[in-house]
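Novice: I'd like to go over a predicted model; first the sequence, then the structure.
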Amino acid sequence: MAQKNPTAVIQVSVQDLIIDDGPNEEPRYAISVVAARCGVQTGTLRRYEDWGLVEPARSGRQRLYSEADIERVQRIRRLMDDLGINLAGAAAVMHLRQQVISLQVEMRALRQQLER
């Protein structure tokens, strides 16, 4: 997790940069559970959805969130709380992060083709 040190320099751990296969994508948590786990209001989660930052599954009118959604919300909160980035900036960072992940997946596939 990114941390501020006393000299106001932001330190980012290697874990913040590692991109893996990700958490479970199975939707199972109600909005109230996710809000409690992430320390936000349910309205905040709805706002993130309006901005396209999270896309919970739907079961009728009920929103269902996965572990991946929860990690995404926690990452957004770290950007905003630890780094002081506003919601628009967090949205831009999350979009760029997704592009990096896509490029890494593409690069991995190309390397596998070259090895054959």
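Specialist: Structure's in. What do you need?
Novice: got the contact list for the residue minimising distance to the centre of the chain?
Specialist: The centre of the chain sits closest to R72, judged by CA atoms, centre = their mean, with a distance of 2.2 Å. Applying CB atoms under 8 Å, 6 or more residues apart in numbering, we find R72 in contact with L53, V54, M94. Yep, even glycine has a C-beta here, placed from its N, CA and C like the rest.
Novice: ranking those residues by neighbours, who comes first?
Specialist: V54 (22 neighbours; other CB atoms under 10 Å).
Novice: Same question for the host helix or strand of the residue nearest to the centre of the chain: list its buried residues.
Specialist: Using DSSP states H and E, R72 sits in helix 67-83. In terms of neighbour count (16 or more other CB atoms under 10 Å), helix 67-83 has its buried residues at D69, I70, R72, V73, Q74, R75, I76, R77, R78, L79.
Novice: so which of those residues comes closest to A35?
Specialist: Ranked by distance to A35 (CB to CB), these are led by V73 at 8.9 Å.
Novice: Not counting its own residues, what contacts stretch 37-57?
Specialist: With CB under 8 Å, 6+ apart, stretch 37-57 has contacts from 27, 29, 31-32, 34-35, 63-66, 69-70, 72-74, 76-77, 87, 90-91, 94.
Novice: which residues of this structure score low on pLDDT?
Specialist: 1-23 (pLDDT under 70).
Novice: Could you pull out the strands in it for me?
Specialist: Assigned by DSSP state E, the chain shows strands spanning 3-4, 10-11, 29-30, 57-59, 62-65.
Novice: Report all helices and strands that the third one contacts.
Specialist: With contacts defined as 3 or more CB pairs under 8 Å, 6 or more residues apart in numbering; DSSP states H and E, the secondary structure elements packing on strand 29-30 are strand 62-65.
Novice: do the same with the longest one
Specialist: Contact here means 3+ CB pairs under 8 Å, 6+ apart; on that basis strand 62-65 packs against strand 29-30, helix 31-38, helix 42-50, strand 57-59.
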